[in-house]
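Visitor: Starting from these lines, generate the structure:
(chains A and B)
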2 protein chains.
Amino acid sequence: MSGVYDVIVIGAGPTGENAAQRAVRGGLTAAIVEAELVGGECSYWACMPSKALLRPVAAVAEASHLRGVAGARLDVPRVLGRRDSFAHGWQDDGQAEWVKNAGIELFRGGGRIAGERRVRVGDAELAAGHAIVVCTGTRPAVPPVLAGVSPWTSREATSAQAAPGRLAIVGGGVVGCEMAAAWQALGAEVTLVSRGRLLKRAPEFAGDLVERGLRDAGVDVRVGVTVTAASRGEPGGPVTITLGDGTTTEADEVLAATGRAPRTEDIGLESVGLTPGSWLDVDDTMRVRAVEGGWLYAAGDVNHLALLTHMGKYQARICGDAIAARARGRQPPVTDQSSVTCVPQVIFTVPEVATVGLTAGQAQARGMRVRVVGYELAHVAGASLFADGYTGRAQMIVDESSKTIVGMTLAGPGVAEMIHAATIAVAGQIPLDRLWHAVPSYPTMSEVWLRLLEAYGL
Amino acid sequence: MSGVYDVIVIGAGPTGENAAQRAVRGGLTAAIVEAELVGGECSYWACMPSKALLRPVAAVAEASHLRGVAGARLDVPRVLGRRDSFAHGWQDDGQAEWVKNAGIELFRGGGRIAGERRVRVGDAELAAGHAIVVCTGTRPAVPPVLAGVSPWTSREATSAQAAPGRLAIVGGGVVGCEMAAAWQALGAEVTLVSRGRLLKRAPEFAGDLVERGLRDAGVDVRVGVTVTAASRGEPGGPVTITLGDGTTTEADEVLAATGRAPRTEDIGLESVGLTPGSWLDVDDTMRVRAVEGGWLYAAGDVNHLALLTHMGKYQARICGDAIAARARGRQPPVTDQSSVTCVPQVIFTVPEVATVGLTAGQAQARGMRVRVVGYELAHVAGASLFADGYTGRAQMIVDESSKTIVGMTLAGPGVAEMIHAATIAVAGQIPLDRLWHAVPSYPTMSEVWLRLLEAYGL
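Guide: From the prediction side, this is the model:
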């Protein structure tokens, strides 16, 4: 079997699917190669199942903090069943059908680059008329200290069919915090071990709020400690974890939530002079800089710009359009303007954290003179209506030379849908004195925008 | 008693409070005159108590549409108790304290304009060095057909200490729909009678969704009919309402939710040549156009621009700043740019409706060539995660010459906090090809922004 396609995409996660789709929309032919499930990590072992687990948890938490609402509780088997349906029972028929209907040829198997514009999939050899796009994403980076105890990774944490009695989570980033919130609520006794403070890429107040939320929910949070040893006496038996402070903790399962590594070990990078296992550095149309000829692209997590599904899809649109344009001898219609300076992220912990753009430190490192303005969400009428004893905070980072917002963080119950306003303000580079005319509706929590502008002095 | 103040504000609702506060911030002295409770309609008989009633209703509805959450129900006495605390037990001590701390002099009593720059309050005569600001808001406009049956108005509907057995609501606007959602959930058998379709100022799909939501909750919705007669046999007894289609309905209470009239009958307008009971037409700094000398301002509902608390407060900021600037011989620093073309509104029904800017018809009437783009929220992953069987829709109105969004409507559960993104896009006049770089976070409902832009063709 062989074939020639204008574009060959390796990896059929959301990024790969979108890159192929945009290329097809631009009049090209496209093939997509996938070794596992079409739909990728996001659909089966990340965004979708994790949020399916967390949404009922958040709804019960919200209802429980509202005088006048009684009796709300989780029905754990039904939560897990709902999660299963969002993961489509880990079957990719629907996604494969979508690929077919989008006019994309699907090849199942591990795709390996075999020299310029060539991809091998099992016995088949495919040739790309214009471009190959690597969208293989990432895999969990399991630290050596946990390698011997058969730890859970994000896959098991999002697909487990029952809560373990005791779950130790190593890593205080997004996956660690989200899974701690989920499994504690679903019945596990969770211990969360973090080398530094929680959510260290977000402003400190956000990590502090999440830490308090986890403790209130019953999670044993241990910050500022490392794991020095781990052992599992017998397969299926409990794991004993030794921490840097000399204490030990025992758990039935251990989740390694200590970061991600690129899935590029086995995709033939060496055939084009690249190092297997490396991240792929790209330009603003997702072209891999180190490869001559401009035929190799990498979009999504694998290029290390922003490890988030929506940013991968954004890059996929840019990359698919760029390939289609270049195939016609034209300039790409649009280039990446957001993957570094305007990346939004929602962390679905209880309470939620939502961020976009630069932190104060990042902005200063880019030479900006910034002003940081904060406001307690509890002082906004909409927040006190939303939940009794509402606790949360908003922080905006203003570039003082352009008088525009370059970053925003919101932490508190129900803030997930509020961040897009900030994303638009950051991407739109709207001056504060124009934002002043964007009146927030009363009494919503978005009124915090008015308060932030007042606190700034407008 | 008498006194001279730079600014005298008549009406201590949120608009009056903010106008006085901004004038004081600008270095002026200010007095505020209030015949009823300091804090105004919004604090005691509108926004705050109505949203305090509706928030638990929405939370139970959300929890009930989520497989995995069980048992959520309303505890009606506690809902009403929570509402009481948001209305501060209808005591204004806290607000009066705020006024005092803001450096504003409070006069209790009905304020009447007594010629140029003069206000009478009971026996006191106050003189304004620079300006008088009318912020008296509106009162319910009870139709003659209901005048004889002691109907509820928005005041009783938001402050009632128990649900009536049967509640007939006349009027299918915001107050009618919100109070139907609230009292049906709190135990009344509600009949909602509307002359036209529900929420007639919003796009039709929004009214249809709310109608379906009310019917699903058990409300007897009668659209396209008028009330031709109403009678209450004895005080406290049931009311019989006759409709234009010849049917009758009986209720224990009737809510007149048929619109608002300006509270200007008894504020001395005749002393400056204006007609008592009229709306006060203003320029873009809230100056009443019909009065010579530029000393009379009117902000908030009473100027009929946009009958919403947040727009009144916006106008108050503009007006207070303008008065302070003019007192120093300067030009106003900012003028009203939103009260006509960028008014956001959230309707806290179940499901919610949120709108901003112009409808397609309004835009066309202003000479714009528009394109209407719609998208089903149910097709967004974030919405299906938010609620099982999610039903909702987003619609954006694009001005084809500037390629900017001039209007947006969202209808569905949990959309309240999503509208501010659109308000910023409309106020910021951000071209669609720049909005394309504002990436919505996955999987939030805000992903509908991506879908709307794709549907537009980007």
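Visitor: now the helices: where do they sit in the stretch 101-250 of chain A?
Guide: In chain order, the stretch 101-250 of chain A shows helices spanning A:144-147, A:154-159, A:174-185, A:204-217, with DSSP state H, counting those that start in this stretch as the criterion.
Visitor: closest one to chain B among the ones you listed?
Guide: Chain B sits nearest to helix A:174-185 of all these, at 10.5 Å, using C-beta to the nearest C-beta. For every residue, glycine as well, the C-beta is placed using N, CA and C.
Visitor: residue contacts, A:G122?
Guide: A:109-110 (C-beta atoms under 8 Å, 6 or more residues apart in numbering or on different chains).
Visitor: B:G27 versus that one, what's the distance?
Guide: Taking C-beta to C-beta, to the nearest Å as the criterion, A:G122 is separated from B:G27 by 79 Å.
Visitor: Repeat that for A:L358.
Guide: 36 Å.
Visitor: what bits of the stretch 1-150 of chain A have low per-residue confidence?
Guide: For the stretch 1-150 of chain A, the stretches with pLDDT under 70 are A:1.
Visitor: Enumerate every residue touching A:T349.
Guide: Applying C-beta under 8 Å, 6+ apart, the residues near A:T349 are A:54, A:177-178, A:181, A:210, A:213-214.
Visitor: picking up where we left off before, neighbour count: A:L358 and B:G27, which is higher?
Guide: Under the neighbour definition other C-beta atoms under 10 Å in any protein chain shown, A:L358 and B:G27 were set side by side, and A:L358 has more, 24 against 10.
Visitor: And the pLDDT at that one?
Guide: Per-residue confidence at A:L358 stands at 98 (pLDDT).
Visitor: mind checking the SS state of the residue nearest to it when sequence neighbours are not counted?
Guide: If you skip the residues right next to it in sequence, A:L358 has A:G407 as its closest partner in space, 4.3 Å away by C-beta to C-beta, 6 or more residues apart in numbering or on different chains. Assigned by DSSP: H, G, I helix; E, B strand; the rest coil, the conformation of A:G407 is strand.
Visitor: Would you confirm that A:G407 contacts A:A363?
Guide: Yes: in this structure, A:G407 is within contact of A:A363 by C-beta atoms under 8 Å, at 6.5 Å.
Visitor: Who has more neighbours out of these two?
Guide: Here A:G407 and A:A363 are set side by side on neighbour count (other C-beta under 10 Å), and the busier one is A:G407, at 25 against 22.
Visitor: The stretch 51-200 of chain A against chain B: which residues are in contact?
Guide: Applying C-beta under 8 Å from any C-beta of the partner chain, one finds that the stretch 51-200 of chain A approaches chain B through A:51-52, A:55-56, A:59-60, A:62-63, A:66-76, A:78-82, A:86.
Visitor: which among the residues you listed end up buried?
Guide: By the neighbour-count criterion of 16 or more other C-beta atoms under 10 Å in any protein chain shown, those include these buried positions: A:51-52, A:55-56, A:59-60, A:62-63, A:66-70, A:72, A:74-75, A:79-80, A:82, A:86.
Visitor: hang on, the earlier thing: so the residue nearest to A:L358 bridges to which residues?
Guide: Beta-bridge partners of A:G407, counted by DSSP bridges, are A:G357, A:I397.
Visitor: who's in contact with it?
Guide: A:355-360, A:362-363, A:396-397, A:426.
Visitor: pLDDT score for it?
Guide: A:G407 is assigned a predicted lDDT (pLDDT) of 98.
Visitor: One more: A:G236?
Guide: Here, the pLDDT recorded for A:G236 equals 88.
Visitor: so the nearest residue to A:G103 once chain neighbours are set aside is in which element?
Guide: Nearest residue to A:G103 in three dimensions, chain neighbours excluded: A:V24, at 4.9 Å (C-beta to C-beta, 6+ apart). Following DSSP states H and E, one finds A:V24 within helix A:14-25.
Visitor: quick one: that helix to chain centroid distance?
Guide: 19 Å (C-alpha atoms, centre = their mean, to the nearest Å).
Visitor: could you point out which element follows that helix?
Guide: Per DSSP H and E, the helix or strand that comes after helix A:14-25 is strand A:30-34.
Visitor: Tell me the strands beside that next one, with direction?
Guide: When pairing is defined by DSSP bridges, strand A:30-34 lines up against strand A:2-10 (parallel), strand A:104-108 (parallel).
Visitor: which residues are in contact with the longest one?
Guide: Defining contact as C-beta under 8 Å, 6+ apart, one finds that strand A:2-10 is touched by A:16, A:19-20, A:23, A:28-33, A:105, A:111, A:113, A:119, A:124-136, A:267, A:320, A:323, A:327.
Visitor: That's all I had, so thanks and see you.
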